[in-house]
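Colleague: Sequence and predicted structure below; questions after.
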Amino acid sequence: MTLNKPKITLLDIIVISLILGAGIFIYIRVMKGLEYNWEWSFILNYLYRFDAQSGSWVPGMLAQGFFTTIRLSIWATVLAVIIGTVIGLFRTSSNLLQKLLGFSYVQTIRNIPPLVLIFIFYFFVSNQILPAMGVDDFFRNQPEHVQRILTFLFAPAGQFSSFVAAVITLAIYEAAYIAEIIRGGINSIPRGQWEASAALGFNKRQQMLLVILPQAFQRCLPPLAGQFISTIKDSAIVSVISIQELTFQGMELMAATYKTFEIWITITLLYFCLTFSCSKLIGRLEKRLARKY
């Protein structure tokens with residue numbers, strides 16, 4: 001099947017011209033109407049700067065927040081996929097108790113604002129459970145090289161409990177949506193696949209793990225990719241509990257420099273680069289899986 005190459009029409013030119021014109025108009029209004037003094041040069045120092053003490057280039061505030069956002073999104077997504085898969089299996093189970101648990105979880109979490117969940121887990125998990133488990137003491141008692149690894153993978157010692165609380169909160173919230181994606185993927189598998197695997201002598205567990213789930217995950221990949229991108233964007237909300245991710249660093253920098261437009265435009269571009277790169281990578285993975293199966 002030959003796909004037609006996209007052609008630029010007159011309507012496309014008109015729309016692009018209107019968008020560019022609107023952007024130029026807004027820029028002029030901000031610069032003249034608000035008497036705003038644009039200064040883009042200082043942004044580079046908050047992305048990467050040269051540290052005279054160490055004699056090397058080190059990440060600035062925005063770059064540090066960018067990397068924290070990546071770590072937070074990855075760990076939250078991994079945990080969310082695990083929880084969401086279990087809840088999705090509960091939702092498709094023939095066991096009444098599992099069905100009720102899955103249904104209750106999805107309906108409860110999806111109908112609670114994520115900001116409320118963040119405060120609940122921050123003040124309960126971060127302030128009560130994690131200190132009782134000695135998580136912070138465990139972090140501080142590790143050798144220096146182990147602390148560097150944990151800091152690279154998670155967060156510094158002073159922010160570790162808050163980081164874990166943020167990961168758990170995001171994972172629990174996103175898992176409710178992932179569970180519905182997994183449930184839809186499982187239900188989309190034709191009944192003949194169940195019957196064929198049963199004819200081969202597989203029990204119920206083997207049918208699900210070896211036959212149904214691999215096909216369901218392939219079908220779920222596009223919506224799961226979208227959910228991962230949503231997790232990246234939703235991670236901005238944890239700035240309210242002082243997690244030093246990209247949005248929090250942007251607010252701190254804005255309060256110090258009063259350069260609102262330059263900072264938020266830069267943050268917008270960083271978020272866009274991250275989410276767009278993820279969508280492209282997932283697209284390639286989806287094509288590879290389509291060829292494989």
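Modeller: Yes, it's here.

Colleague: Mind listing what's buried along stretch 53-65?
Modeller: Gly60, Met61, Leu62, Ala63, Gln64, Gly65 (16 or more other Cβ atoms under 10 Å). (C-beta placed from N, C-alpha, C; glycine too.)

Colleague: Would you state the helices of the stretch 1-150 of the chain in chain order?
Modeller: 10-28, 43-47, 61-91, 96-110, 114-121, 130-133, 135-140, 144-153 (DSSP state H, counting those that start in this stretch).

Colleague: Show the low-confidence segments of the stretch 151-293 of the chain, by residue range.
Modeller: For the stretch 151-293 of the chain, residues meeting the criterion pLDDT under 70 lie at 289-293.

Colleague: Just the helices from it, written as ranges.
Modeller: 160-187, 191-199, 204-206, 213-234, 246-257, 260-292.

Colleague: Which strands and helices lie in contact with the longest one?
Modeller: Translated: helix 260-292. Helix 260-292 makes packing contacts with helix 43-47, helix 61-91, helix 213-234, helix 246-257 when contacts are defined by 3 or more Cβ pairs under 8 Å, 6 or more residues apart in numbering; DSSP states H and E.

Colleague: and with 7 Å instead?
Modeller: When contacts are defined as 3 or more Cβ pairs under 7 Å, 6 or more residues apart in numbering; DSSP states H and E, helix 260-292 packs onto helix 213-234, helix 246-257.

Colleague: how about stretch 108-116: buried residues?
Modeller: Going by neighbour count (16+ other Cβ under 10 Å), the buried part of stretch 108-116 is Ile109, Pro114.

Colleague: so how far does that stretch reach from one end to the other?
Modeller: One end of stretch 108-116 sits 12 Å from the other (Cα to Cα, to the nearest Å).

Colleague: Just the mean pLDDT for stretch 125-133, thanks.
Modeller: For stretch 125-133, mean pLDDT is 73.

Colleague: now swap in stretch 110-122 and tell me
Modeller: Mean predicted confidence for stretch 110-122 is 84.

Colleague: Tell me both backbone torsions, phi and psi, for the nearest residue to Thr68 once chain neighbours are set aside.
Modeller: Excluding its sequence neighbours, the residue lying closest to Thr68 (Cβ to Cβ, 6 or more residues apart in numbering) is Glu245, at 4.5 Å. Note on Glu245: backbone dihedrals following degrees, to the nearest 10 are phi -90, psi -170.

Colleague: who's in contact with Glu245?
Modeller: Glu245 makes contact with Gly65, Thr68, Thr69, Leu72, Ser235, Val238, Ser239, according to Cβ atoms under 7 Å, 6 or more residues apart in numbering.

Colleague: quick revisit: out of the helices of the stretch 1-150 of the chain, which is closest to Glu252?
Modeller: Proximity to Glu252, assessed across the helices of the stretch 1-150 of the chain by Cβ to Cβ, is greatest for helix 61-91 (6.9 Å).

Colleague: other SSEs contacting the closest one?
Modeller: The helices and strands touching helix 61-91, judged by 3+ Cβ pairs under 7 Å, 6+ apart, are helix 43-47, helix 96-110, helix 160-187, helix 213-234, helix 246-257.

Colleague: Let me have the ones you listed in TSV, adding distance to Asn203 as columns.
Modeller: Formatted as TSV, these follow (distance: least, Cβ to Cβ, whole Å):
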stretch	distance to Asn203
helix 43-47	55
helix 96-110	17
helix 160-187	17
helix 213-234	14
helix 246-257	47
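
Colleague: Go through those and pick out the most buried.
Modeller: Mean neighbour count (mean count of other Cβ atoms under 10 Å) peaks for helix 160-187 among those, with a mean of 22.

Colleague: what angle separates that helix from helix 61-91?
Modeller: 40 degrees (axes from the mean of the first three to the mean of the last three Cα atoms, to 10 degrees).

Colleague: Give me the neighbour count for Glu286.
Modeller: Counted with other Cβ atoms under 10 Å, residues neighbouring Glu286 total 13.

Colleague: Let me have the helices of the stretch 1-150 of the chain in TSV, extended by distance to Cys220.
Modeller: Shown next, in TSV, are these (distance: least, Cβ to Cβ, whole Å):
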stretch	distance to Cys220
helix 10-28	34
helix 43-47	36
helix 61-91	9
helix 96-110	16
helix 114-121	22
helix 130-133	32
helix 135-140	33
helix 144-153	27
